[in-house]
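[1] Have a look at this prediction, sequence included:
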Amino acid sequence: MPRIALGLEYDGSLFAGWQAQTDATGIQNALEAALSFVANHPVLVTAAGRTDAGVHACMQVVHFDTQSERTERGWVMGANTNLAESIGVLWARVVPNDFNARFNALARSYRYVILNRMPRPSLLRDRVCWVRESLNADQMHIAAQHLVGVHDFSSFRAAECQSRSPIRRLYRIGVSRVDEYVVIDVTANAFLHHMVRNIAGVLIAVGRGDENIDWPKQLLQMRNRQRHSGVTASARGLYLFGVMYPPQLELPSAARSSAWPPGPEWIAPTIEPVY
């Protein structure tokens with residue numbers, strides 16, 4: 001039975017997160033329904049990672065098994081015809097039968113977008129985190145470097161996180177400013193529940209001057225989310241930006257020019273793939 005991998009993007013604003021649910025609409029629900037129609041049999045998908053309600057993706061990767069014969073273009077066009085406009089399949093590839101979108105991923109990248117200005121956003125209200133106070137992106141970047149490496153990220157995980165281990169390897173993190181936007185780019189082997197949003201909340205506090213640049217290091221050492229660890233930043237500004245796989249699979253891994261925010265300076269992600 002052939003195994004197919006798909007890359008997709010989505011606006012998570014109207015969905016209750018990635019995971020299929022019985023009492024709400026998850027992105028997985030919508031994708032499986034569309035693929036089942038195209039395949040003419042029930043389809044179940046496995047994703048590289050689950051995103052929370054309101055979180056977006058520039059490059060999510062999934063796999064599924066099918067008895068149906070369709071061209072790669074046929075899977076893309078057929079799925080998109082049956083999906084809401086807020087979800088789009090970008091590519092399809094036939095992959096080895098032992099490929100797993102989750103367990104074969106070497107690293108994942110997220111981008112967190114902050115609109116840093118006094119007036120609140122209207123057009124972008126569901127696509128960015130709004131912070132009215134001026135942020136010092138340089139200080140945020142310096143503070144963020146304390147998080148690079150292998151650490152116990154207990155102070156940055158949600159209380160309901162079900163991961164067996166809080167240990168993660170964070171490869172790179174960068175904070176940069178372009179005009180009114182402050183952007184946090186982070187790559188790790190995997191992430192805990194709310195880990196990126198909690199990192200963003202901590203760095204925003206540093207950027208506002210509420211905390212010093214050593215605060216992330218101090219939080220790591222606490223290894224306890226129940227103590228003072230800052231707020232969890234809004235889901236609206238968070239994007240799953242890329243999933244990296246072994247190069248021999250030849251899977252597109254990073255977001256393309258459609259990545260948010262638009263413009264020539266955002267065509268390539270600021271974080272290189274990690275192999």
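    Sure thing, it's come through.
[2] per-residue confidence at Gln21?
    What the model reports for Gln21 is a pLDDT of 83.
[3] For it, give me its contacts.
    When contacts are counted by CB atoms under 8 Å, 6 or more residues apart in numbering, Gln21 is found next to Asn29. From N, CA and C alone the C-beta is placed, and that goes for glycine too.
[4] Look up how far Ala47 lies from it.
    Noted for Gln21: a distance of 14 Å to Ala47, by CB to CB, to the nearest Å.
[5] How about Pro119?
    Separation of Pro119 from Ala47 (CB to CB): 36 Å.
[6] Over to Thr187?
    Taking CB to CB as the measure, Thr187 and Ala47 are separated by 18 Å.
[7] So between Pro119 and Ala47, which is more surrounded?
    Ala47 (23 against 9; other CB atoms under 10 Å).
[8] Quick check: that one touching Arg102?
    Yes: Ala47 lies in contact with Arg102 (CB atoms under 8 Å); the separation is 6.8 Å.
[9] Could I get the full set of strands for the stretch 1-150 of the chain?
    Assigned by DSSP state E, counting those that start in this stretch, the strands in the stretch 1-150 of the chain fall at 3-10, 46-47, 56-65, 87-95, 107-116, 129-131, 149-152.
[10] tell me what the last one is packed against?
    The criterion is 3 or more CB pairs under 8 Å, 6 or more residues apart in numbering; DSSP states H and E, and the helices and strands that strand 149-152 contacts are strand 167-178.
[11] Using the record's assignment, carve this structure into domains.
    What automatic domain parsing lists as the domains of the chain is 3-104, 107-239.
[12] Can you lay out these as JSON lines showing distance to Tyr245?
    Rendered in JSON lines, the data for these read as follows (distance: least, CB to CB, whole Å):
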{"stretch": "domain 3-104", "distance to Tyr245": "6"}
{"stretch": "domain 107-239", "distance to Tyr245": "9"}
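[13] For Leu249, find the nearest of those domains.
    When the domains of the chain are ranked by proximity to Leu249, the top entry is domain 3-104, at 6.7 Å, counting by CB to CB.
[14] any idea how far that closest one is from the chain center?
    Between the centre of domain 3-104 and the centre of its host chain there is 15 Å, according to CA atoms, centre = their mean, to the nearest Å.
[15] go on, stretch 124-140?
    18 Å.
[16] quick one: buried residues of that stretch?
    Within stretch 124-140, the residues scored as buried using 16 or more other CB atoms under 10 Å are Leu124, Asp126, Arg127, Val128, Cys129, Trp130, Val131, Leu135, Asn136, Ala137, Gln139, Met140.
[17] Using CSV, lay out those residues together with distance to Gly17.
    Putting the buried residues of stretch 124-140 into CSV (distance: CB to CB, whole Å) gives the following:
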residue, distance to Gly17
Leu124, 21
Asp126, 14
Arg127, 17
Val128, 19
Cys129, 17
Trp130, 21
Val131, 24
Leu135, 28
Asn136, 32
Ala137, 29
Gln139, 32
Met140, 27
